[in-house]
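Asks: everything below, folded, please.
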Amino acid sequence: MTSKAPTRSRALVTGSALLCLPGLAGVGLVLLPPLSLQMWQAALVVLEFSAVLALPALVGAVLALRALRSGGGRGAAVLAGANALLMVLVLVPSVSVWQTAREEGLRLDPLQYAAGFATRADREPVTVEYASPGGEPLELDVWRPEGGVPDGARLPVVVNVHGGAEDLPQSLLPRWDTWLADSGGTRVVFDVDYRYFPDGDWSVALADVRCALGWVRENAADYGGDPERIALNGQSAGGLLVLLAAYSEEPAPSCDTEVPEIGAVVAWYSATDGTAEAPPVPWRQRRSPVGDDLVESSERMVGGPPEEHPREYEAMSPILQVDEDSPPTLLITAGHDFFLGTEDNGRMVDRLASVGVPHHHVELPWTEHMFDLNWGGLSSQVARKSIVDFLGEHL
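Replies: Down below sits the predicted model:
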């Protein structure tokens with residue numbers, strides 16, 4: 001029996017050390033500057049499912065404590081403490097969002113945590129070409145409620161504008177489109193494509209969105225929508241576009257149409273100030289090679305840095321376009337956003353309040369840019385409740 005004790009202790013210590021690794025790797029991915037866009041994507045997935053990493057940490061702590069009883073010594077004690085600390089750290093994101101949900105009056109469903117990604121829907125949309133500026137066809141998807149539109153009904157309309165880092169098609173996350181169509185009172189959803197910020201002419205994308213809005217005003221009734229009740233919804237770059245489309249009258253649409261009045265706007269993790277006076281980007285981005293690529297990309301679509309093109313950057317800063325006639329606005333902020341610091345949206349909230357625009361702000365702590373990819377995630381659940389309440393009040 002005695003001769004077996006050291007061998008058993010070493011096995012337990014080895015097992016505990018191995019079970020430390022998932023938590024250590026996850027914490028490192030989330031906290032440290034990513035070396036590539038792929039590493040950032042991995043960090044997004046890890047952060048969204050961080051609570052899962054508590055299980056190996058818990059088992060590792062138990063193994064280390066058993067090793068201590070078997071004479072494992074200082075190494076076993078260190079591993080017990082390390083696994084216990086990791087278990088706490090990986091639970092911080094979930095606990096933080098849970099607290100935010102309580103403040104928003106929402107009861108979360110932990111059983112949805114592993115409900116999958118939002119990249120697939122339970123049905124297909126109707127796809128329509130809404131314009132062809134410069135000969136380039138632009139499409140939108142029409143998502144109607146699951147049970148269809150009752151005869152003679154005119155449902156509220158939501159126009160969704162996707163984000164992304166390149167020219168991607170509409171309906172990137174179709175599960176959100178069907179949810180918008182079905183939940184909290186049915187709606188007709190139009191998810192639009194646009195030309196993604198051509199080099200040196202960022203306003204082309206906004207002109208396309210304004211063209212799509214005109215098309216929706218002219219054709220919404222054909223799909224059971226009410227052209228007098230239109231809300232905008234957008235994520236990241238799409239959030240920037242919907243804020244600008246809602247707040248300003250420039251540029252002109254890229255097609256011959258009349259842009260409707262917007263009843264409400266929802267912007268997810270979107271920058272609101274692109275000027276030289278904007279808050280600094282997050283520490284992780286400043287220390288990451290990806291950050292240099294982002295700066296180069298943003299300057300390329302304008303034609304240079306803010307110091308050289310101040311008027312262009314002012315025109316693409318929603319915080320400078322807000323006035324007392326701006327529509328009610330919901331801002332959803334990711335609290336651990338690699339691309340955007342929380343101070344940006346905080347200043348936007350202050351600006352909305354200063355001119356009396358009805359607004360609501362939901363900041364989701366320890367939540368990453370594009371968290372809505374995870375359909376069942378705790379942050380996505382909070383976002384859904386906030387959107388339902390907001391649209392129910394203002395649309």
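
Asks: which outside residues touch the helix or strand harbouring Glu312?
Replies: In this structure, Glu312 is located in helix 310-315 according to DSSP states H and E. Here helix 310-315 makes contact (Cβ atoms under 8 Å, 6 or more residues apart in numbering) with 202-203, 248, 250, 274-276, 302-303, 306, 320. In this view, the C-beta of every residue, glycine as well, is placed from N, C-alpha and C.

Asks: now with 7 Å?
Replies: Defining contact as Cβ atoms under 7 Å, 6 or more residues apart in numbering, one finds that helix 310-315 is touched by 274-275, 302, 306, 320.

Asks: neighbours of the nearest residue to Ala131 once chain neighbours are set aside, how many?
Replies: In space, and not counting its chain neighbours, Ala131 is closest to Cys255: 4.3 Å by Cβ to Cβ, 6 or more residues apart in numbering. Cys255 is flanked by 17 other residues according to other Cβ atoms under 10 Å.

Asks: can you tell me the SS state at Cys255?
Replies: coil (DSSP: H, G, I helix; E, B strand; the rest coil).

Asks: which ones are touching it?
Replies: Residues in contact with Cys255 (Cβ under 7 Å, 6+ apart) are 131, 133, 211, 214.

Asks: now with 10 Å?
Replies: 130-133, 138, 207-208, 210-212, 214-215 (Cβ atoms under 10 Å, 6 or more residues apart in numbering).

Asks: just say helix, strand or coil for Leu243.
Replies: helix.

Asks: wait, isn't it in contact with Asp344?
Replies: No. If you go by Cβ atoms under 10 Å, Leu243 and Asp344 don't touch, sitting 11.8 Å apart.

Asks: before we move on, the earlier item: gap between the residue nearest to Ala131 and Gly234?
Replies: 20 Å (Cβ to Cβ, to the nearest Å).

Asks: before we move on, back to that, among the contacts of helix 310-315, which two are most distant?
Replies: Val302 and Leu320 (15.0 Å; Cβ to Cβ).

Asks: between the two, which is the more surrounded one?
Replies: Val302 (21 against 16).

Asks: list the residues that contact the more buried one.
Replies: Val302 neighbours (Cβ under 10 Å, 6+ apart): 197, 199-203, 274, 308-309, 312-313, 315-316.

Asks: buried subset of these?
Replies: Among the contacts of Val302, those buried by neighbour count (16 or more other Cβ atoms under 10 Å) are 197, 202-203, 274, 309, 312-313, 315-316.

Asks: with pLDDT and distance to Leu55 added, can I get those in JSON lines?
Replies: As requested, the buried ones among the contacts of Val302 are exported to JSON lines (pLDDT from 0 to 100; distance: Cβ to Cβ, whole Å):
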{"residue": "Phe197", "pLDDT": "87", "distance to Leu55": "42"}
{"residue": "Trp202", "pLDDT": "90", "distance to Leu55": "46"}
{"residue": "Ser203", "pLDDT": "93", "distance to Leu55": "50"}
{"residue": "Gly274", "pLDDT": "91", "distance to Leu55": "43"}
{"residue": "His309", "pLDDT": "89", "distance to Leu55": "51"}
{"residue": "Glu312", "pLDDT": "91", "distance to Leu55": "50"}
{"residue": "Tyr313", "pLDDT": "92", "distance to Leu55": "47"}
{"residue": "Ala315", "pLDDT": "93", "distance to Leu55": "50"}
{"residue": "Met316", "pLDDT": "93", "distance to Leu55": "45"}
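
Asks: what's the span of stretch 192-202, first residue to last?
Replies: 17 Å (Cα to Cα, to the nearest Å).

Asks: let me fix that: stretch 147-158
Replies: 17 Å.

Asks: show me where this protein has strands.
Replies: 126-131, 138-143, 155-161, 188-192, 225-235, 264-268, 329-334, 359-364 (DSSP state E).

Asks: of all those strands, which lies closest to Leu65?
Replies: Comparing the strands of the chain under Cβ to Cβ, the one sitting nearest is strand 359-364, at 34.8 Å.

Asks: what is the closest one packed up against?
Replies: Using 3 or more Cβ pairs under 10 Å, 6 or more residues apart in numbering; DSSP states H and E as the contact test, the elements touching strand 359-364 are helix 73-103, strand 264-268, strand 329-334, helix 342-354, helix 378-394.
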